[in-house]
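J.: Requesting a structural model of the entry that follows:
(chains A and B)
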Protein chains: 2
Amino acid sequence: MLEHKCHGIKKAWHRASPHYGSSRHSTFDFMLGAKADGETILKGAEDTWEDHSYLATYMNRNGSFANMRIYPLGLVLLDLQSYDSDIQSKEEADSLLNKIEEKMKEPSQDSAGQVKHLPPIVRGGAIDRYWPTADGRLVEYDIDEVVYDEDSPYQNIKILHSKQFGNILILSGDVNLAESDLEYIRAIMGSRKEDYTGKDVLILGGEDGGILCEIVKLKSKMVIMVEIDQMVIDGCKKYMRRTCGDVLDNLKGDCYQVLIEDCIPVLKRFAKEGREFDYVINDLTAVPISTSPEEDSTWEFLRLILDLSMKVLKQDGKYFTQGNCVNLTEALSLYEEQLGRLYCPMEFSKEIVCVPSYLELWVFYTVWKKAKP
Amino acid sequence: MLEHKCHGIKKAWHRASPHYGSSRHSTFDFMLGAKADGETILKGAEDTWEDHSYLATYMNRNGSFANMRIYPLGLVLLDLQSYDSDIQSKEEADSLLNKIEEKMKEPSQDSAGQVKHLPPIVRGGAIDRYWPTADGRLVEYDIDEVVYDEDSPYQNIKILHSKQFGNILILSGDVNLAESDLEYIRAIMGSRKEDYTGKDVLILGGEDGGILCEIVKLKSKMVIMVEIDQMVIDGCKKYMRRTCGDVLDNLKGDCYQVLIEDCIPVLKRFAKEGREFDYVINDLTAVPISTSPEEDSTWEFLRLILDLSMKVLKQDGKYFTQGNCVNLTEALSLYEEQLGRLYCPMEFSKEIVCVPSYLELWVFYTVWKKAKP
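T.: Predicted structure coming up:
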């Protein structure tokens, strides 16, 4: 029951209290000498608490604050949050943290244990540097500029500049490709083991133009790229030129054509016309992370694409696609199961590749039709 | 001035107060209907605060707590901290955060802005998954096991298991090499452009045995590896076998020898004996991050190593070394300056390589003696 007297409310409180937990709030105020410091005071108070566990919130005049949470068994977690990220604030925070580290290391603190100081997290700024990996790990990128940020009818399109990876295309929050990622393009083209000369190629997706740009160099006969989102192409042709060169400047070249269309009706049309390709490269979407294929329409979409792709693939043709992060073993197994459920019997191989900007190893698949007996 | 009456202390307080900031603490308690919820109450209160900024701390019975800090201009930061990381706690936290996200997205909240939910950070556990990059970015590894953790007279040695990278050697907090990192070994051996057949090779450091293992395969004449820390070798030969094979099982083989010694006196001895090598591979330490070469003895050490290495390098020999993260441009420039200050004129080339477990691009140097005129 609260002990403060607050005018006439007290009576009503008494009536209501049987239904609620009540709070006993004791205050006890001290005015200590000018030399008293907070650390010592807290340390003194700490000993009287039963499990030596507490939460202290420190406030600064400028609105920044820190929490110190002391758990049993010696775990002390300190969080410092300040609003401005100007250099002065940074220096103040660093100096404060260094002081605390020194205090913690003082022999009197019995800190035989370890100290860990993570790099600060910048939140709510104009530049977002945190783009978690497909397997859910927290990673910070060296982003220093938002180059492009637009919503198309299909997705949010961001192109962010990384100091080491060049411009990075991020579609609806997923890191898609950076200008550093030639390894991705090589992997999804068959890791330099294929001869594209004089071949017919179909690219599904491929919005950044990287695959198209590389294949066009290899004297293929005809490359068709089917990409639904004109706005991604517009962004990439302007800001991902280390990836696409000038290949997206025109939607048609001597040996290639870009169709701005949904790939499903295009695949159906090609299948109906009996059109066939030596290579089909599916650069549409990673294998869904969901491990419930029955519940997830993405898996239906994926299988439809696979089935239609096989219909337009020559008997001795090859189908290349990305899988997902190598750690997502369940999702990858499910994808491999889907490959066994297509209208025609298939075989596949897979390869693990390090794509620089992904910060995780990625699986790529090569799929082909089983030789007829 | 505090308004609570606390026995006889009040008078002393008055005496002391001219020198201190005093605090006016007004309390006002409400007992609302059973259906009143915290969100609504806070929202009501918020409007009366001048800059609409506040910090709320929510507590749970089990000791977990959350801070909600509302800054002006619509930035709301929520932090949730709980002690146990068992599955139930995780599910509770997730469900709580999902509920809050829904609330924030309600039209009444006018949240036209963005929502960002970072993966949770696990602190103080037996397994530390956070090993920041050389350029100071926060990155989380998929560590699931501490394989080895010992302090040698020289450094802390950790070998941690990563699901995707295999075992990772971490020396005094720096990610050194993972079993996935053949690219590192290839790069520091000259990126497969060198012919090691019949050559004399000196490896400085190289504790994980990766370089030694690869060179031994290439039918070199004799490889000397000089590593100071027997304990790292012991750890690596047991837990980094995908890197070192069986090459560290014995300190001497048909065409190699491992010296457990400080490399400086060894280099001096070799120089005195007039012993020369076709390749010197410095795998000792990355280029120091410090940009004050005059103040930092690491730079002195580095230049001493360089000078001595050149003394044992054949006139047409090559010296390979790692540099640092490609983003540390100042440190790299300083290193290149050092190369110009050696006793003999040198030339160099550099290459940027993606080492899978580093999560950042890395610079490698090839250094050679300028042809005599």
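J.: Quick one: check the longest helix along chain A for contact with chain B.
T.: Longest helix in chain A by number of residues, with DSSP state H as the criterion: helix A:87-105. No. Legend: contact between helix A:87-105 and chain B by Cβ under 8 Å from any Cβ of the partner chain is lacking; minimum distance shown is 12.0 Å. For glycine as for every other residue, the C-beta is placed from the backbone atoms N, C-alpha and C.
J.: Buried residues in that helix, which are they?
T.: A:Glu92, A:Ala93, A:Leu96, A:Ile100 (16 or more other Cβ atoms under 10 Å in any protein chain shown).
J.: can you check stretch A:256-265 too?
T.: Under the neighbour-count criterion of 16+ other Cβ under 10 Å, stretch A:256-265 has A:Tyr256, A:Val258, A:Cys263 buried.
J.: what's the answer for stretch A:321-330, then?
T.: The neighbour-count check on stretch A:321-330 (16+ other Cβ under 10 Å) flags A:Thr321, A:Gln322, A:Gly323, A:Asn324, A:Cys325, A:Val326, A:Asn327, A:Leu328 as buried.
J.: ok, residues contacting that stretch?
T.: A:133-135, A:184, A:187-188, A:281-283, A:286-287, A:289, A:291, A:331-332, A:335, A:350, A:352, A:358, A:360-365, A:367, B:142, B:163-164 (Cβ atoms under 8 Å, 6 or more residues apart in numbering or on different chains).
J.: Just the buried ones out of the residues you listed, please.
T.: Those of the contacts of stretch A:321-330 that meet the buried threshold are A:133-135, A:184, A:187-188, A:281-283, A:286-287, A:331-332, A:335, A:358, A:360-365, A:367, B:142, B:163-164, by 16+ other Cβ under 10 Å.
J.: In strands, which of those residues fall?
T.: If you go by DSSP state E, these have A:Ile281, A:Asn282, A:Asp283, A:Leu361, A:Trp362, A:Val363, A:Phe364, A:Tyr365, A:Val367 in strands.
J.: just these that are near chain B?
T.: Subset of those in contact with chain B: A:Leu361, counting by Cβ under 8 Å from any Cβ.
J.: tell me which of the ones in strands among the buried ones among the contacts of stretch A:321-330 is nearest to chain B?
T.: Among those, A:Leu361 lies closest to chain B (Cβ to the nearest Cβ), at 4.8 Å.
J.: Surely A:Val115 is within a helix?
T.: No. Looking at A:Val115 with DSSP: H, G, I helix; E, B strand; the rest coil, it is coil, so not inside a helix.
J.: Tell me how far the closest residue to it other than its chain neighbours lies from A:Leu267.
T.: Once flanking residues are discounted, A:Val115 sits nearest to A:Glu101: 6.1 Å by Cβ to Cβ, 6 or more residues apart in numbering or on different chains. In this view, A:Glu101 and A:Leu267 are 60 Å apart by Cβ to Cβ, to the nearest Å.
J.: Quick check: which ranges of the stretch 51-200 of chain A have low pLDDT?
T.: A:51-53, A:84-87, A:106-113 (pLDDT under 70).
J.: for it, what spans make up the helices?
T.: Using DSSP state H, counting those that start in this stretch, the helices found in the stretch 51-200 of chain A span residues A:87-105, A:182-188.
J.: residues making contact with the shortest one?
T.: Right, the one you point to is helix A:182-188. A:177, A:192, A:210-211, A:214, A:243, A:281, A:283, A:320-322, A:351, A:353-356, A:358, A:362, A:364, B:354.
J.: 7 Å instead?
T.: Contacts to helix A:182-188, defined as Cβ atoms under 7 Å, 6 or more residues apart in numbering or on different chains, come from residues A:177, A:192, A:210-211, A:214, A:281, A:283, A:320, A:322, A:351, A:353-356, A:364.
J.: Can I get the buried part of those as one ChimeraX selection?
T.: Restricted to buried positions by 16+ other Cβ under 10 Å, the ChimeraX selection for these reads:
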select /A:177,210,211,214,281,283,320,322,353,354,355,356,364
